[in-house]
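> Need coordinates for the below:
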Amino acid sequence: MSTEIRYDQADQTPVTQGVAGDVAPDMGGAPVDGMGCHAGAATMEAAARAAGNSELLDQFAADYPQGPHDKPQSMCPAFGSLRVGLRMRRVATVLSGSACCVYGLTFVSHFYGARRSVGYVPFNSETLVTGKLFEDIRDAVHELADPDRYDAVVVTNLCVPTASGVPLKLLPREINGVRIVGIDVPGFGVPTHAEAKDVLAGAMLNYARREIEAGPVQAPERGRSDRPAVALLGEMFPADPMMIGAMLAPMGLAAGPVVPCREWRELYAALDCGVVAAIHPFYTAAIREFHAAGRKVVGSAPVGHDGTMDWLAAIGAAYGVDPAKVAAAQNAFGPAIKAALAANPISGRITLSGYEGSELLVARLLIESGADVAYVGTACAKNEWSEADRAWLEARGVAVKYRASLEDDCAAMEAFRPDLAIGTTPVVQKAKELAIPALYFTNLISARPLMGPAGAGSLAQVVNAAMANKARMDGMKDFFEGVGTGDAAGIWEGAPNLRPDFRAAHQKKLDKMAKAAKAEEMI
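The predicted model follows:
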């Protein structure tokens, strides 16, 4: 069933239905005070299930299947949802979790340019056990819920409150017209910070969809599009939505809002789009909400020549566009993309890995630019929305690894010995130790235009410049060979005190113990 959007003609804030929550809840299971990120994922998950969060964890397991490791290997996943909230206008953010976790998350958020405060509700053993923490959270959102300042307040449970069963679902749905959105983002249930973005985006879309079903809602700030629009799912470089809009125009279509959104009313406009482009494929909860609203979803993205041609055809088919108009769009931009690729060639072997969710798209663009991409690892899970990209890459001999671990990425780099390794911080560090030129994926690759003609030539300069540094990397490796490694690791005021005699004496002890153990086996 398709959801019909009715916009409030007076352009007033929609009225939402509140649910009272004035009684401190029974926390259910045993509290896990004293546990944190150092606790095993199995221990934390068992505590969360005992506290009544089985349904939540089962949904996480379905949406974000776990990888080979039992906890995230990137930064705390909650950074993803925190970043989404901090980038939205008129939205307040509150964290509930261990102080060390909150400190780290706020530090990273401000490092990445957040210009607003992050709320924090502290707790101790007593407030966690008695349920007073929930009361403190409720009091905090009541204090924050000022309709002159905020459209919504987002409250996030981190690992310990989730494992202890702090029930954010019992918070009022709205206070003084301010929406209250409570989410749980535990590291033992959400594998990556990319997927944590989906947790909040999905929760907000769910809230907005229910508002739409209840009655008229705010119209977009710039008015409703006069053409059918395509919602864009996934954070991207600011120029990309404009380029996508230009490519859709010959088909009589327009680019809709980008989800995660920057303003609450954009959620209504996104749900008003008939088709959703899953540019980043890991937004499982968000896609579920679009499907619930009766919207069609198209995977992949207009990246490179082949990707753009296929994507325009898929969008046209989803909207039932005249094939002649689809061909017009393809003919308008296909030659320009080919020309940009030819003018910005890349030559060399590359391994690529990351946790942003756009790794397969970047790999496609590199290959069409002339690069030999041997391996692509993504921390995100395999699903149908990236299937076209996986098939295209594997048909060209690329090894594609979903839920790739750090060990997978490093092993691929060491096996393929690329001219350039693109990856996460530890992969880049390992590559430089091996004198392999390397680039950090998040800051140097994904933060560039990728779509259409603008994306076709965007990577060549930085990639070619990095590969040209091979001689410099070899020189540095030769100069620093052996420094800070093995027995010389650590900080020394003078020359490292190696003492090979100690090593020899210790080895004799180990040999003696091994002989004794062997003798006991023979008795």
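> Could you export the helix or strand where Asn206 lies as PDB, keeping only the C-alpha atoms?
Element membership for Asn206, per DSSP states H and E: helix 193-214. The C-alpha trace of helix 193-214 is given here as PDB (Å, rounded to 0.1, in the frame of the first residue of the first chain):
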ATOM      1  CA  HIS A 193      29.400   3.300  12.500                       C
ATOM      2  CA  ALA A 194      28.000   3.300   8.900                       C
ATOM      3  CA  GLU A 195      25.200   1.100   9.900                       C
ATOM      4  CA  ALA A 196      24.600   3.100  13.100                       C
ATOM      5  CA  LYS A 197      23.600   6.000  10.700                       C
ATOM      6  CA  ASP A 198      20.900   3.700   9.400                       C
ATOM      7  CA  VAL A 199      19.600   3.000  13.000                       C
ATOM      8  CA  LEU A 200      18.800   6.700  13.500                       C
ATOM      9  CA  ALA A 201      17.700   7.300   9.900                       C
ATOM     10  CA  GLY A 202      15.300   4.400  10.100                       C
ATOM     11  CA  ALA A 203      13.900   5.500  13.400                       C
ATOM     12  CA  MET A 204      13.300   9.100  12.100                       C
ATOM     13  CA  LEU A 205      11.700   7.800   8.900                       C
ATOM     14  CA  ASN A 206       9.500   5.600  11.000                       C
ATOM     15  CA  TYR A 207       8.400   8.500  13.200                       C
ATOM     16  CA  ALA A 208       7.800  10.700  10.100                       C
ATOM     17  CA  ARG A 209       5.900   8.000   8.300                       C
ATOM     18  CA  ARG A 210       3.500   7.700  11.300                       C
ATOM     19  CA  GLU A 211       3.000  11.400  11.400                       C
ATOM     20  CA  ILE A 212       2.100  11.400   7.700                       C
ATOM     21  CA  GLU A 213      -0.400   8.600   8.300                       C
ATOM     22  CA  ALA A 214      -2.000  10.700  11.100                       C
END
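> same for that helix, what does it pack against?
helix 78-86, strand 152-157, strand 178-184, helix 265-272, helix 284-292 (3 or more CB pairs under 8 Å, 6 or more residues apart in numbering; DSSP states H and E). Bear in mind the C-beta positions are built from the backbone N, C-alpha and C, glycine included.
> who touches the third one?
Spelled out, that is strand 178-184. 16, 53, 56, 81, 141, 144-147, 150-157, 161-162, 168-169, 171-174, 199-200, 203-204, 207, 264 (CB atoms under 8 Å, 6 or more residues apart in numbering).
> ok, now the shortest one?
Residues outside strand 152-157 that contact it (CB under 8 Å, 6+ apart) are 78, 81-82, 85, 88, 90-97, 137, 140-141, 144-145, 166, 168, 171, 175, 178-186, 200, 204, 264.
> show me what contacts Ala343?
Counting by CB under 8 Å, 6+ apart, Ala343 has contacts Gly457.
> returning to that earlier point: show me what counts as buried in the helix holding Asn206.
193-209, 211-212 (16 or more other CB atoms under 10 Å).
> by how many degrees do the next helix or strand after that helix and helix 193-214 diverge?
Once helix 193-214 ends, the next helix or strand along the chain (criterion: DSSP H and E) is strand 229-233. Here the directions of strand 229-233 and helix 193-214 differ by 140 degrees (axes from the mean of the first three to the mean of the last three CA atoms, to 10 degrees).
> Strand 229-233 packs against which elements?
Applying 3+ CB pairs under 8 Å, 6+ apart, one finds that strand 229-233 contacts helix 239-248, strand 254-259, helix 265-272, strand 275-277, helix 284-292.
> want to try CSV for these, with mean neighbour count and mean pLDDT as columns?
Listed next are the helices and strands packed on strand 229-233 as CSV, based on neighbours: other CB atoms under 10 Å; pLDDT from 0 to 100:
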stretch, mean neighbour count, mean pLDDT
helix 239-248, 21, 96
strand 254-259, 24, 96
helix 265-272, 26, 95
strand 275-277, 25, 97
helix 284-292, 21, 97
